[in-house]
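# Here's my sequence, what's the structure:
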Amino acid sequence: MALHDSLRELVTVRGPGVVDEAEELRGALDDFLAEDEATLGELNLLVDAVRLGALRRVLDVMDHGAEPEAAIREAGGALARDRGTDDPTRSCWALATLGFALGKVDESMVRMFRGDAGTMPAPHPPTGPHGRAPEAAPSGPADFSTADRPPTRVISEEAPASSQPTPPPIGSQPTPPPIGSQPTPPPLPISVQPPAPTVEIHAPPPPPKYVGPVPPVIPEEKKPSRAGSYVLVVLVALLLGGLVAAGYILLRSDGDDDPTASDGPTTAVGSDNSGTSGQVEEKKPVPKDAMLVPYVENDVSRIFQVDATTGRSKPLTPEGVDAKLPTISPDRTTMTYQVGQSPTAVMAVDLATGEQRALFDPDGPCGRAGRPAWSPDGSRLVTLCDPDGDGETDGIWQANADGSGVTGPVVDNPEVGGSPTWISATEFVYGVDDPDTDTTYWRTDVEGGSGVQLPMDIEGHLSHIDWSSEAGRFLVLASPGNEEEGAIWTVDADGLDPVLVGEGPFAHPVWSPDGDAIAATLRNESVLEVLVAVPLDDPANPVVVPSPPPGEVGIPVWGTR
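Numbers count the residues shown, from 1 in each chain. Modelled structure (predicted):
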């Protein structure tokens, strides 16, 4: 039975959820497939297609009407880059195979990419000075980092790569080691020759970390080598024991020194290797290059922390909770979100611990509210509230950052819409939906009083106003009619000096923390809405955030709102 047929049978037996998580898929493949049914290279490639989000990208694009071959080639090219290879054809084969298993593509497409890719052997281990070197330990979970790979520009379709040459026959010499390594020794005895490319490697599990070259198993040298290892282990243990004892004696005898002092680098508060008791663990803020983004799957929205450069993501809200419209505090340690359609309950999340609670008193005037806005110092909030519970907001209230001390309304007007944005420690700007004059924006004091209208001379329906103190400007979205998409403009604090950032059409724009870029959504060539970062120094080339979480992107937040 062909490998893709076996995978389809696996999905039939275990259900389509078997390809949702890389670890589950790897375990299922090891249990389900026969030993000679797939090479190690093929197994790794199939699992990487799930782990790096390529399969989810293909399925999402196809759900929006994209042709299967175009979707597979596009995602296959990205998968190849993520894996550090220059051959997208094999990645396309893996995606086609998984798509066939799920019933999304025809068998002919699997065979087409399989024919282009040829046989995929398991990688040959390098040869060390004393025989075969040990395999590297499997890598752990991907660290949430911004330096893993360069930013990805707007999605473009990859051209298919040429076929790879046929692997060398059994018994051929292995690939020479890189420059600077030990020279390749003569061919080993047949008992330790590398396995054939299509035969599964029956090697013992790799050690937890690399500990140096392992001698080959040669009967004449087996006992001396083992005895030497035992002697070395004993000597190292004795040496380490002596060092530990000496250090303990020195610490006990030096009672006047500061026990937290160290000649080495200072350990961050709250780190795992800090042994000082009584320290208060600092909250670790969300990095400035991370956005908080909702993704909607099966009509349920879930908020993720997404790296703007690499696309690495992690969920911040539980599954099954319809979490929308996130905000983030100025110190980037607290998030708020709404459950379901606004106005509704607003939740507050401690981003260091994950602890969640209702932000406002459910029985108070803001028990049902809109998206709150943070003051620049993070001490206060203003938000649209629905005190009557009739599904319509009646104005703007203010509260402390923890949701207590609700007072208002500061602005008593049922026509207020959207989300306010603070411009100083005492002032904020809000929008009024007037059916005769379209949306207008007003600047007012947090203690109340009549507002001052901002005279924005920009054509179109204005929405999504957001202030950046770093840039010293508002951004607004100008759309034709009541369209959700349009052009991004900026104006100064008085609503003057309009500057066009980009025609788009964009949706849901928000400022970055440093005011040097704007996050938004944009439809790509496949008419799929994708998350982008628009750098102000090159707005004509928005950067697509790669490897997104599953689902359709919602309204993001990047800097404080």
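
# Quick one: the helices in the chain, in order.
Assigned by DSSP state H, the chain shows helices spanning 3-14, 22-32, 40-51, 54-63, 68-82, 88-101, 107-117, 222-253.

# For Glu297, which non-adjacent residue is spatially closest?
Gly551 (3.5 Å; Cβ to Cβ, 6 or more residues apart in numbering). (Each C-beta comes from the backbone N, C-alpha and C, glycine too.)

# Give the burial count for Pro454, as a bare number.
I think there's a mix-up here, since residue 454 is Leu and not Pro. 21 (other Cβ atoms under 10 Å).

# Which residues are in contact with it?
Val429, Thr440, Tyr441, Trp442, Arg443, Phe474, Val491, Asp494, Gly495 (Cβ atoms under 8 Å, 6 or more residues apart in numbering).

# from these, which is closest to Ala520?
Phe474 (15.0 Å; Cβ to Cβ).

# Name every strand pairing with the top strand by length along the chain and say which way it goes.
Counting residues, the longest strand found in the chain (DSSP state E) is strand 499-511. The pairing partners recorded for strand 499-511 under DSSP bridges are strand 486-491 (antiparallel), strand 517-523 (antiparallel).

# picking that back up, so the residue nearest to Glu297 touches Phe304, yeah?
No: under the criterion of Cβ atoms under 8 Å, Gly551 is not in contact with Phe304, lying 9.3 Å apart.

# More neighbours: those two, which one.
Ranked by neighbour count (other Cβ under 10 Å), Gly551 and Phe304 place Phe304 first, with 24 against 18.

# give me the beta-bridge partners of the more buried one?
Applying DSSP bridges to Phe304, the residues it is bridged with are Val293, Pro315.

# which residues touch the longest strand of the chain?
464, 466-468, 470-471, 473, 475, 477, 479, 483-491, 518-523, 529, 532, 534, 536, 539-540, 542, 554-559, 561.

# follow-up on the earlier one: mutual contacts of Gly551 and Phe304, please.
With Cβ under 8 Å, 6+ apart, Gly551 and Phe304 have common neighbours Tyr295.

# Going by neighbour count, list what's buried in the longest strand of the chain.
Val501, Gly502, Gly504, Pro505, Phe506, Ala507, His508, Pro509, Val510, Trp511 (16 or more other Cβ atoms under 10 Å).

# What does the pLDDT read for the third one?
Just to be clear, that refers to Gly504. Per-residue pLDDT puts Gly504 at 85.

# how close does it sit to Asp60?
21 Å (Cβ to Cβ, to the nearest Å).

# again, but for the second one
Computed with Cβ to Cβ, the distance linking Gly502 and Asp60 is 24 Å.

# taking the contacts of Leu454 one by one, which sit in strands?
Val429, Thr440, Tyr441, Trp442, Arg443, Phe474, Val491.

# Just among these, which is most surrounded?
Phe474 (24 neighbours).

# pretty sure that one contacts Asp494?
No: Phe474 is not in contact with Asp494 according to Cβ under 8 Å; the separation is 9.7 Å.

# Can you list the low-confidence ranges for the stretch 51-200 of the chain?
116-200 (pLDDT under 70).

# mind redoing it with 80?
Under the criterion pLDDT under 80, the flagged ranges of the stretch 51-200 of the chain are 64, 84-87, 115-200.

# Same question for the chain.
Across the chain (using pLDDT under 80), the flagged ranges come out as 1, 35, 64, 84-87, 115-284, 434-437, 448-450, 482, 524-527.

# if we go to 50?
Where the chain drops to pLDDT under 50, the residues are 119-204, 206-228, 230-231, 248-281.

# domains in it, as residue ranges please.
Per automatic domain parsing, the domain ranges recorded for the chain read 3-122+150-166+180-192, 290-553.

# check contacts around Val534.
Ile488, Val501, Gly502, Phe506, Pro509, Ala517, Ile518, Ala519, Ala520, Pro542, Val543.

# Mind doing that once more with 7 Å?
Residues in contact with Val534 (Cβ atoms under 7 Å, 6 or more residues apart in numbering) are Val501, Gly502, Ala517, Ile518, Ala520, Pro542.

# Show me which of the residues you listed is closest to Gly77.
Nearest to Gly77 among the contacts of Val534, with distances taken as Cβ to Cβ, is Pro542, at 19.2 Å.

# which residues touch stretch 103-117?
Contacts for stretch 103-117 (Cβ under 7 Å, 6+ apart): 4, 59, 62, 68-69, 89-90, 92-93, 96-97, 99-100, 160, 163-164.

# Select only the buried ones of the residues you listed in PyMOL?
Command for PyMOL that selects the buried part of the contacts of stretch 103-117, burial taken from 16+ other Cβ under 10 Å:
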select buried, resi 4+59+62+68+69+89+90+92+93+96+97+99+100
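
# any idea which of the contacts of stretch 103-117 is closest to Gly27?
Thr97 (17.9 Å).

# In stretch 416-428, which residues are buried?
Quick answer for stretch 416-428 (16+ other Cβ under 10 Å): Val416, Gly417, Gly418, Ser419, Pro420, Thr421, Trp422, Ile423, Glu427, Phe428.

# picking up where we left off before, can you tell me which of the contacts of Leu454 is closest to Ala38?
Ranked by distance to Ala38 (Cβ to Cβ), the contacts of Leu454 are led by Phe474 at 56.2 Å.

# Can you name the residues bridging to that closest one?
Trp467, Val491.

# My read is that it contacts Ile465, right?
Yes: the criterion here is Cβ atoms under 7 Å, and Phe474 meets it with Ile465 at 5.6 Å.

# For Ser91, give its distance to Leu33.
20 Å.

# Mind checking which of these two has more residues around it?
Ser91 (30 against 18).

# Surely the more buried one touches Ala78?
No: counting by Cβ under 7 Å, Ser91 stays clear of Ala78, with 8.3 Å between them.

# coming back round to it: tell me which of the domains of the chain lies nearest to Lys284.
domain 290-553 (5.8 Å).

# and the closest one, how far apart are its ends?
15 Å (Cα to Cα, to the nearest Å).

# okay, the ones in strands among the contacts of Leu454 in a markdown table with distance to Gly449 next?
Listed next are those as a markdown table, based on distance: Cβ to Cβ, whole Å:
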| residue | distance to Gly449 |
| --- | --- |
| Val429 | 14 |
| Thr440 | 17 |
| Tyr441 | 16 |
| Trp442 | 11 |
| Arg443 | 11 |
| Phe474 | 21 |
| Val491 | 23 |
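
# Could you report the distance from the residue nearest to Arg561 when sequence neighbours are not counted to Ala471?
Leaving out its chain neighbours, the residue that sits closest to Arg561 by Cβ to Cβ, 6+ apart is Thr327, at 4.7 Å. Distance of Thr327 to Ala471, given as Cβ to Cβ: 19 Å.

# So these two - more neighbours on which side?
A side-by-side neighbour count of Thr327 and Ala471, using other Cβ under 10 Å, places Thr327 first with 23 against 19.

# what's across from that one in the sheet?
Beta-bridge partners, per DSSP bridges, of Thr327: Thr336.

# coming back round to it: can you put the contacts of Val534 in JSON lines and add distance to Lys104?
Below are these laid out as JSON lines (distance: Cβ to Cβ, whole Å):
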{"residue": "Val501", "distance to Lys104": "38"}
{"residue": "Gly502", "distance to Lys104": "34"}
{"residue": "Ala517", "distance to Lys104": "35"}
{"residue": "Ile518", "distance to Lys104": "35"}
{"residue": "Ala520", "distance to Lys104": "30"}
{"residue": "Pro542", "distance to Lys104": "29"}
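
# For the residues you listed, which two are the farthest from each other?
Checking those with Cβ to Cβ, the most distant pair is Gly502 and Ala517, at 11.6 Å.

# Redo the domains of the chain as TSV? Include distance to Lys284.
Below are the domains of the chain laid out as TSV (distance: least, Cβ to Cβ, whole Å):
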stretch	distance to Lys284
domain 3-122+150-166+180-192	24
domain 290-553	6
